[in-house]
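>>> based on what follows, work out the 3D shape:
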Amino acid sequence: MKLRSSRRTFARLAAGAAFSVISARKGFSLQLKPQSVEIDTTVEVGTIRPELHSHFAEHLGSCTYGGLWVGKGSTIPNINGFRKAAVEYLKAVGIPVLRWPGGCFADDYHWRDGIGPAEKRPKTVNIHWGNYAEDNSFGTHEFIELCRLIGAEPYLAGNVGSGTPQEFRDWVEYCNYPEGSSLSDERIRNGAREPFKIKYWGVGNENWGCGGNMTPEEYATHYRRFRTYIRNFDGVQPFMIACGPNGNNADWTRKFMGSLNNRAFPNGFAMHYYSNGQLEATKFTPEASEKQLSSFQLVEKAIGDQRTLLDTFDSSGRVGLMVDEWGIWDRMNPDDQKKYGRLFQPITMRCGVGAALGLNVFHRQAHKLIMCNIAQIVNVLHALLLTEGDKCVRTPAYWAFDLMKEHRGKMSVRTKTDDPSALGVSLSASKVGKELIVTFVNPKHDTGLSVNCSIAGALPSGATAKILHHADLNAENSFSRPDTIVPANHQVSVAGGSLKADLPPLSVLTAKITLG
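This is a model prediction of the structure:
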């Protein structure tokens, strides 16, 4: 009797705890905590511009040289000097906009060094990233060719820190004037008959730091002066982007915008916000992971605060808010940097979760943003691709972008969760016609979730899903095991106006839902 009583008690307790058990990949079982979330398809937030999924490449470490560009004579498979695997992978995931040449490098880069016959280009010293001499074999024409190969819109960051207004305006003319001027005819002689028609132009980079250590008032003076000489050529109206704050620095924004005196407002205002880590990428503890991933709640707050600040100066909303550098920045391993270049870090499951958390933030704040560029695209910081010799690995960050590209161009709709904490379930939702896309992220390392997602305003009739998951937050796609973490099909169900999905710890799930 005692044994039977104990069994009945255990059964009641188990049922009362409201936990379910599923089998995750690799035969592993875990308990799932119930989680309720809501999607209201009738409340539209704003279009998720493809530009919110944009990217950034700098002459830093092996991002450009050795990563994207291996040279025309390389034994590594290439397309006119561009790493073939990188081109194919980036084209597949979709790169809406690519920002170049920096970063800190931009404010010491003189564009004329990178045009003309490669063998005649000067060798210059990269003072920001290692004092190495580069041969400038990758310049403006190569960048434009790369953008065309991968289908990206180019975004050029001009030199304000050590450059002049004339140098900047000449670059615009060289790129965009059709023919008949000395600069446009030089471009034609260098192999580009048609103008590049570049729209996005950044007026310096991090001018509060490596771009000149300026005060906001000083930078506002430079911005007004540089902007004065930029013109519309061949029907391409330049989209002028000003340097925004480091993180949620209200003082920079307030003083910069105030110093413009309601004149020459930028089209874009670019803040930078990194999620820094205290440990090396593959040595994170759960506590360190939680602290770092919690920062994405602060990123979301910063977007709201900065948008509100801009609106106090620009009530018509002419100035678009951007986050043109963001992502995971871990402590660097000296041996990795020596082997692969500056700011190289392995990209783990934790980083994949971080990429998805960031994209969910941008989707939820789609009405406040016009562009976001993760740093950086290859071999540096929160990279989509890592390369070694002829190897090219798609990282968990790559697969997070791949899972979430279905949101691009769709209307973001309102979401709500009963756990708004920094490490609660993250979600974003978007719709077009009879299709609803939902991405859930579980950033917890030790708690699985059984999600019950109610859908208001439409009746779901079916759903499919893919998941990115690994139980080890330090797991990575290495050069020897490049497919350790890849998306897999995942079962979800719809019934009674709700979607049900199980999320193991450290997972990203995107569901495609058909609406009745």
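
>>> which SSE is Ala92 in?
For Ala92, the element it lies in under DSSP states H and E is helix 84-93.

>>> centroid residue for the protein?
Ile374 (2.7 Å; C-alpha atoms, centre = their mean).

>>> now the strands for the stretch 401-516 of the chain?
411-417, 426-432, 435-442, 448-456, 460-469, 488-489, 492-495, 498-503, 507-515 (DSSP state E, counting those that start in this stretch).

>>> could I get these as a markdown table with distance to Lys72, mean neighbour count and mean pLDDT?
Where you see a C-beta, it was placed from the backbone N, CA and C, and this is true even at glycine. Converted to a markdown table, the strands of the stretch 401-516 of the chain look like this (distance: least, C-beta to C-beta, whole Å; neighbours: other C-beta atoms under 10 Å; pLDDT from 0 to 100):
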| stretch | distance to Lys72 | mean neighbour count | mean pLDDT |
| --- | --- | --- | --- |
| strand 411-417 | 43 | 20 | 97 |
| strand 426-432 | 41 | 24 | 98 |
| strand 435-442 | 40 | 25 | 98 |
| strand 448-456 | 50 | 20 | 97 |
| strand 460-469 | 36 | 19 | 97 |
| strand 488-489 | 38 | 10 | 98 |
| strand 492-495 | 47 | 16 | 95 |
| strand 498-503 | 46 | 21 | 97 |
| strand 507-515 | 38 | 23 | 98 |
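
>>> and of these, who's closest to Trp69?
strand 460-469 (28.9 Å; C-beta to C-beta).

>>> hmm, who's touching that closest one?
24-25, 349, 352, 356, 396, 399-400, 403, 436, 485-494, 497-499, 501, 503-504, 506-516 (C-beta atoms under 8 Å, 6 or more residues apart in numbering).

>>> just to revisit the earlier point, in which helix or strand does the nearest residue to the residue nearest to the centre of the chain once chain neighbours are set aside reside?
Distances taken as C-beta to C-beta, 6 or more residues apart in numbering place Gly327 nearest to Ile374, at 4.8 Å, with adjacent residues excluded. Element membership for Gly327, per DSSP H and E: strand 320-331.

>>> the helix or strand that that strand is followed by: how far from the chain's middle?
Later in the chain than strand 320-331, the nearest helix or strand by DSSP H and E is helix 334-340. Distance of helix 334-340 from the chain centroid (C-alpha atoms, centre = their mean, to the nearest Å) equals 24 Å.

>>> so what touches helix 334-340?
With C-beta under 8 Å, 6+ apart, helix 334-340 has contacts from Gly61, Ser62, Leu343, Phe344, Gln345, Pro346, Asn379, Leu386, Glu388.

>>> same question for stretch 59-67.
So stretch 59-67 is in contact with 57-58, 83, 86, 101-105, 109, 126, 128-130, 134, 137-138, 337, 340-344, 376-380, 383, 385, 387, going by C-beta under 8 Å, 6+ apart.

>>> hmm, 6 Å instead?
57, 101, 105, 129, 138, 340-344, 376, 378-380, 387 (C-beta atoms under 6 Å, 6 or more residues apart in numbering).

>>> of these, closest to Thr308?
Using C-beta to C-beta, the contacts of stretch 59-67 come closest to Thr308 at Gln376, 29.2 Å.

>>> that closest one: what's it in contact with?
Phe56, Ala57, Glu58, Cys63.

>>> among these, which one has the most neighbours?
Cys63 (31 neighbours; other C-beta atoms under 10 Å).

>>> need the nearest residue in space to that one, chain neighbours excluded.
Per C-beta to C-beta, 6+ apart, closest to Cys63 is Val380, 4.4 Å.

>>> with Leu468 instead?
According to C-beta to C-beta, 6+ apart, the nearest residue to Leu468 is Val508 (4.4 Å).

>>> do I have it right that that neighbour meets Gly354?
No. The pair Val508 / Gly354 is not scored as a contact, 10.1 Å apart, by C-beta atoms under 6 Å.

>>> just for this structure, where's the confidence low?
Counting by pLDDT under 70, the chain shows low-confidence ranges at 1-30.

>>> look through it and tell me its longest strand.
Ranked by residue count under DSSP state E, the longest strand found in the chain is strand 28-47.

>>> strand partners of that one, parallel vs antiparallel please.
strand 20-24 (antiparallel), strand 411-417 (antiparallel), strand 448-456 (parallel) (DSSP bridges).

>>> export those as a markdown table, with columns for distance to Thr75.
As requested, the strands paired with strand 28-47 are exported to a markdown table (distance: least, C-beta to C-beta, whole Å):
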| stretch | distance to Thr75 |
| --- | --- |
| strand 20-24 | 42 |
| strand 411-417 | 46 |
| strand 448-456 | 46 |
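
>>> in contact with the closest residue to Gly67 other than its chain neighbours, which residues?
Among residues not flanking Gly67 along the chain, Val378 sits closest, at 3.7 Å (C-beta to C-beta, 6+ apart). By C-beta under 6 Å, 6+ apart, the contact set of Val378 is Cys63, Gly67, Leu68, Leu385.

>>> circling back to that earlier point, so what touches the helix holding Ala92?
Leu68, Pro77, Asn78, Ile79, Leu149, Ile150, Gly151, Leu385, Cys392, Arg394, Phe401, Asp402.

>>> out of those residues, name the ones that lie in helices.
In this view, the contacts of helix 84-93 that belong to helices under DSSP state H are Leu149, Ile150, Phe401, Asp402.

>>> list just the nearest of these to Thr215.
So of the ones in helices among the contacts of helix 84-93, ranked by how close each gets to Thr215 (C-beta to C-beta), first place is Phe401, at 36.4 Å.

>>> helices of this protein, residue ranges please.
Under DSSP H, the chain gives helices at 2-16, 84-93, 140-150, 165-176, 182-189, 216-228, 250-259, 286-313, 334-340, 349-364, 396-404.

>>> ok so, going back, my guess is the residue nearest to the centre of the chain meets Glu325, correct?
No. Applying C-beta under 6 Å as the test, Ile374 and Glu325 come out as separate, 8.2 Å apart.

>>> which residue packs closest to Asp234, ignoring adjacent ones?
Using C-beta to C-beta, 6+ apart, the closest residue to Asp234 is Pro178 (5.0 Å).
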